[in-house]
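[1] got a predicted structure plus its sequence, pasted below:
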Amino acid sequence: MNIIDGRIVRDARIANLKERLTTLSYIPTLAIIQVGDRTDSTAFIRAKKTFASNIGVKENHIKVEESISQRELIDIVKGCNIDPTIHGIIVQLPLPLHIEQDAIIDAIDPRKDADGLTAINTKRWLEGREDCVMPATARGIRELLSYYHIDLFGKPVTVIGRSMLVGKPIAAMCLNENATVTVCHSKTPNLAEETTKADILIVAVGKPGLIQAIHVKKGAVVIDVGITRITTDSLVGDVNFESVKDIAGAISPVPGGVGPMTVCALFENLLDLCKAV
Ligand code: NAP
């Protein structure tokens with residue numbers, strides 16, 4: 001069994017990102033809007049800020065109280081839209097329940113939509129258009145598979161999870177790469193029946209240990225997208241690594257698999273937005 005190592009691939013792509021930065025006449029800035037103080041959001045933002053500083057991109061971390069109103073938050077997003085010193089915007093999700101997530105995301109100017117989640121970008125990546133910003137997790141997985149020469153073309157791929165943020169963009173990306181895609185979710189009656197058909201199994205659920213040996217076809221590639229924080233410093237994925245390791249042909253571990261690629265892909269999106277201006 002081989003390890004699909006996102007840290008190696010991320011590090012290999014950093015040189016390219018730095019090279020692309022030298023072609024710009026300015027240093028791009030990513031606005032990161034955080035509402036409230038969720039520990040997981042703070043940890044994800046820390047990783048993004050560290051990456052930004054590593055490649056030489058500026059970030060503007062705008063942190064607001066959890067009690068902020070939807071109107072006030074939209075005004076902050078719109079302020080970033082018209083600020084010429086800001087080139088990309090992300091709103092760290094999830095948002096508090098009193099705020100309608102779609103209203104905030106769709107307030108982002110699609111030309112600054114670094115997460116690729118606005119309605120306009122969503123339509124474009126669903127259509128498989130080139131002129132879209134693809135959500136970072138899907139883009140990161142595409143690049144991870146490509147680095148390891150794992151071709152999606154014509155392959156049976158099963159994606160578990162159908163959220164707008166993760167599962168659906170991944171499924172759309174695989175479809176756009178000409179895979180034959182099955183999407184499973186919490187109402188799928190026999191998960192193992194669907195997952196064992198897959199040459200490439202991509203799991204994006206958030207339930208540690210959900211995927212065991214019985215779910216994996218011999219030699220399959222298993223991409224574990226799930227991240228569950230067990231303690232402040234310890235993360236686990238959705239795949240029971242010990243159970244699956246003798247059956248799978250390759251596995252992306254957690255941590256060190258999809259996570260680093262997602263952060264890298266976000267900044268690749270940012271540079272694409274800069275190029276488009
Ligand atoms: P989510 O919105 O909670 O969606 C979870 C999905 O899993 C839903 O589609 C749900 O089905 C499905 N599901 C739940 N229980 C299931 C079961 N027993 N069998 C099959 N499917 C089941 O979560 P999310 O935002 O998509 O995130 C998923 C995971 O990815 C989380 O662990 C998150 O932390 C992680 N994540 C990782 C990265 C990264 O870079 N590695 C980036 C973003 C997110 P229903 O639709 O039927 O409810």
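    On my side now, so go ahead. Since the structure is predicted, the reported quantities are computational estimates derived from the model, not experimental observations. Numbers count the residues shown, from 1 in each chain.
[2] just the residues contacting the host helix or strand of residue 104, thanks.
    Assigned by DSSP states H and E, residue 104 falls within helix 101-105. Outside helix 101-105, the residues that touch it by Cβ atoms under 8 Å, 6 or more residues apart in numbering are 70, 73, 74, 77, 91, 93, 94, 95, 115, 117, 118, 119. For glycine as for every other residue, the C-beta is placed from the backbone atoms N, C-alpha and C.
[3] tell me which of those is nearest to residue 272?
    Of all the contacts of helix 101-105, residue 115 has the smallest distance to residue 272: 12.4 Å, by Cβ to Cβ.
[4] quick one, phi psi at that closest one?
    phi -90, psi -10 (degrees, to the nearest 10).
[5] so for the residue in the stretch 1-150 of the chain positioned nearest to the ligand, what's the pLDDT?
    As assessed by Cβ to the nearest ligand atom, the ligand sits closest to residue 137 within the stretch 1-150 of the chain, at 4.4 Å. Model confidence at residue 137, expressed as pLDDT, equals 97.
[6] burial of it, as a residue count?
    Around residue 137 sit 25 other residues, with neighbours defined as other Cβ atoms under 10 Å.
[7] and residue 177, by the same measure?
    Residue 177 has 18 nearby residues by other Cβ under 10 Å.
[8] now residue 1
    13.
[9] and it, what pLDDT?
    Here, the pLDDT recorded for residue 1 equals 87.
[10] before we move on, what about residue 234?
    89.
[11] in the top helix by length along the chain, which residues are buried?
    In the chain, taking DSSP state H as the definition, the longest helix is helix 258-276. Within helix 258-276, the residues that qualify as buried are 258-274, counting by 16 or more other Cβ atoms under 10 Å.
[12] is residue 113 in a bridge, and if so with what?
    Beta-bridge partners recorded for residue 113 (DSSP bridges): residue 89.
[13] where does the protein have low pLDDT?
    Scanning the chain for pLDDT under 70 picks out 276-277.
[14] and it, what are its domains?
    Domain segmentation of the chain under automatic domain parsing yields 25-110, 136-259.
[15] just name the most buried of those domains.
    Highest mean neighbour count among the domains of the chain (mean count of other Cβ atoms under 10 Å): domain 136-259, with a mean of 19.
[16] how about the nearest residue to the most centrally placed residue in the chain, chain neighbours excluded?
    Per Cα atoms, centre = their mean, the C-alpha nearest to the average position across the chain is that of residue 137, at 1.9 Å. Of all residues not flanking residue 137 in the chain, residue 262 sits nearest, at 4.8 Å (Cβ to Cβ, 6 or more residues apart in numbering).
[17] I figured the one you found was touching residue 142, is that so?
    No - using Cβ atoms under 8 Å, residue 262 is not in contact with residue 142; the gap is 11.4 Å.
[18] okay then, goodbye and thanks.
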